[in-house]
Structure formats: C-alpha cells, structure tokens
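Engineer: Next comes the sequence, and after it the predicted model I'd like to discuss.
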There are 2 protein chains.
Amino acid sequence: MPPTLLDPIRQRYSCRRFAADHAVPPDQLALLLEAGRLAPSAFGLEPWRFVAVDTAHREAVAHACYDQPAVTSAAALVAIVALGAVLDPDSDYVRARFEAEARDGDTAPVCEAYRAFYRADSIAAWAQGQCNFAAAHMLLQAAHMGLDSCPIGGFDADALTIALALPAGETPALLIALGHCSAPAPERLRKPPE
Amino acid sequence: MPPTLLDPIRQRYSCRRFAADHAVPPDQLALLLEAGRLAPSAFGLEPWRFVAVDTAHREAVAHACYDQPAVTSAAALVAIVALGAVLDPDSDYVRARFEAEARDGDTAPVCEAYRAFYRADSIAAWAQGQCNFAAAHMLLQAAHMGLDSCPIGGFDADALTIALALPAGETPALLIALGHCSAPAPERLRKPPE
C-alpha cells in the first residue's frame, strides 16, 4: 500500500451535476455498500441501514431533495437511513449487537454505559451523526473506484421518509449521489491547517 | 490504485490497549490531521478543530475518559473538537466559509438554507455528528499507515472540555487513540449485508 490514503481523499469532491449515460455497475455498488457496512460506530451499534434507491422511487426521492441537479442527474443513489425505535436500550436489536460485541463476555458494562447515554428525544440526531462514519467510507470507496459522488443532506425529511417508505422511527440521514461528474473538479477549499 | 479501499477498511478495528514503546512519528501524525482536514461537511462548514494532545495534558484527558486502557496506553491522542458559537449564521466564521464555498458567486442561497436549518439548541450535537466525517478519514489514514487506533466517545464531556482547555461553546466530539495494538485484531463483527 502507498503510505497515504490521500489519493482518494484528494480525488473526492462534491459533484453538483453528473453526466448522462454513465451507469454504476452492480459490483461497484456492492463494494460501496460493503465499505459502509464495515464502518465503525459508537457502542458497535451500527445504527444505520443502506437503501439503494431503485428506479421506481427515483422521482419521489429527487422531489424530496428539491430536485437538486446532483440528485436528478445521478447515475445511482444510496440512502443512508438512521435507525430509530430499535435503538431503545431494551430492544432485541441492541441486545443482539451487544452480545455480538461482547464476544461471549459480559454485556453488563456496555448495557449500563448505553443506558446512561441513551435519551429517547435525541437518539435520532445521534444516529444520524453516526451515519456519517458509513457515509465517509462510501464516499472514499467511490473515489477509489473512480466514481464521483455528492453527499446530499438538503432534503425535506418528511417527504424523503415517505419516498423511501421508511418504517416509523427511522429517519433519512444522508443521500449519496453517484456517477461521473459533468464538470472537472473545482479547486479544493479548506480551512488552512492550524 | 487497487480497485477497492477495503484493505485499510478491513485493517481498521478498535484497539482496546496499545503496546508500550511505540511512538507515532510526527510525519504520520501530520498525514492523519491532513486526512481529517480534507473531510467533507454539510454546508462546507468544517465545524471542527483538531487538537493533538500534548504530554502535559495527557493525564487529565485520560481521567476525563475514565482512564480506559485505550487512552492511558495510547502512543498519541488526537481530539476532534466540535465548533460551537462560531456556527451562528451571522458569525464571521460562517460568512468566511460560505464566501469560500461560493467561489466568488452568490452566497445568498446557502446563507438562506443554513439559516433555515440552524437551531441554536441542537447545533452542538449536529457539529459533533459532522466530526465523524473527519474521524473516519483519520481512522482510515491511520490503518493505511499501519497504525492501530480507537475512536473514544466514552468520556465526561465537562471534564474533557476542561482538560483540553476548550473555549466556551466548543465541545469534544471524539478522541482518537493511536499506536500499535498490544493484541492481534479480533474477528470482525458486523450485521450481515441486507
């Protein structure tokens, strides 16, 4: 391996409009989802679900994103959905994750820590923030494969929830638009190192 | 480049205790901070600051993290700090970021969108979630360099704020512990692909 990961990091940028006629092959989409699946999360809870948006739902999803060009022109769209009700400390989902994480050891310490951390009224926002770990993995994996991308956080959450047919409690965290950008990468802008 | 980024992704895992006598060279630390600096963020706000924890602050930082072994044994610690008061829509910080992002274009649309999004009472949690983009970049860059790591979210936020001498409004989002793990990587646990 080269000494730095900065090649894909430098290649990644937010493409605002994708070129037509560039499909994302299924094997690339599968690698992208796998990169997201392996992302870290607090308490090992993986509080996310990934939805590859199919053709039938594209239009409603784009509308929920105010028909912004990055969405309407994307060759593929992946929604990162934050889990909700299943994050209750007493849920089967949480118990299963903690049992896996404890590797046959005692789950009491992590259960106790999570119970002290958990707040029903802020867990959705927290889970959405955790989804950014998976998103970062996917965006870098896309760049690594030569795919352009754009993370989309600007959407009508209620409309997107309906468009994605999410069950109660789940909320859309981020949409990832993929394809080949119709314009070259602009100059990168960042705060200078401190 | 190889077709997937899955090598560093698969190499990364949360190390719970680091071996002694393995320093992190300054050039590796610099690459790690650069990887974080280039992470994406909503509205291009980069609502973070990175603090390489120096020796004088190590003990207080470890105490704030309940002296967990991943922190006390780490060869190096980087704190990712979420910005606070400067994220007010009328701040000089926000204006400067939007002017950079607009590339001499009109900043009005992003200003308007951000003003509609901004809530003073939830901006800290949001900024902390954005910090996970930078954290994911750093963790993968560490793995790519052969460094083991552990993201630390379990801390007394007030104590860590004091230990890091953060100004009012800034909050610790995540601590990244770095070094060489004292034990081999355990079997990876994840939910199966859907």
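Structural biologist: Sure, I can see it.
Engineer: So A:Ala134 belongs to a strand, correct?
Structural biologist: No: applying DSSP: H, G, I helix; E, B strand; the rest coil, one finds A:Ala134 to be helix, outside a strand.
Engineer: Now do the contacts for A:Leu174.
Structural biologist: A:79-80, A:128, A:131-132, A:135, A:151-153 (Cβ atoms under 8 Å, 6 or more residues apart in numbering or on different chains). C-beta here means a position set from N, CA and C on the backbone, and glycine is covered the same way.
Engineer: Quick check: A:Arg95 vs A:Val53, distance?
Structural biologist: 31 Å (Cβ to Cβ, to the nearest Å).
Engineer: neighbours around the residue lying closest to A:Ile152 once chain neighbours are set aside, how many?
Structural biologist: Spatial nearest neighbour of A:Ile152, excluding adjacent residues (Cβ to Cβ, 6 or more residues apart in numbering or on different chains): A:Leu175 at 4.0 Å. Counted with other Cβ atoms under 10 Å in any protein chain shown, the neighbours of A:Leu175 add up to 29.
Engineer: can you give me the strands in chain A?
Structural biologist: Under the criterion DSSP state E, chain A contains strands at A:48-52, A:76-82, A:148-152, A:171-179.
Engineer: can you tell me which of these comes nearest to A:Tyr66?
Structural biologist: Between A:Tyr66 and those, the tightest spacing by Cβ to Cβ is seen for strand A:148-152, at 9.8 Å.
Engineer: And the helices in chain A, which stretches?
Structural biologist: Ranges of helices in chain A, per DSSP state H, are A:6-11, A:26-37, A:55-64, A:69-72, A:92-102, A:108-117, A:123-144, A:157-163.
Engineer: So which of these is the most surrounded?
Structural biologist: helix A:123-144 (a mean of 26; mean count of other Cβ atoms under 10 Å in any protein chain shown).
Engineer: Could you measure from A:Ala62 over to A:Gly146?
Structural biologist: 24 Å.
Engineer: I misspoke; the intended subject was A:Thr107.
Structural biologist: From A:Thr107 to A:Gly146 the distance is 42 Å (Cβ to Cβ).
Engineer: contacting residues around whichever residue of chain A sits closest to chain B?
Structural biologist: Per Cβ to the nearest Cβ, A:Gly129 is where chain A lies closest to chain B, at 2.1 Å. Each residue near A:Gly129 by Cβ under 8 Å, 6+ apart is listed here: B:125-126, B:128-130, B:132.
Engineer: Give the residue spans of chain A that score low on pLDDT.
Structural biologist: Within chain A, the stretches with pLDDT under 70 are A:1-5.
Engineer: ok, the spatially closest residue to A:Ala85 that is not a sequence neighbour - how many residues close by?
Structural biologist: Counting by Cβ to Cβ, 6+ apart, A:Gly169 is the residue found nearest to A:Ala85 once chain neighbours are left out, at 3.5 Å. Neighbour count for A:Gly169, taken as other Cβ under 10 Å: 15.
Engineer: do you know how far A:Gly169 is from A:Trp126?
Structural biologist: 14 Å.
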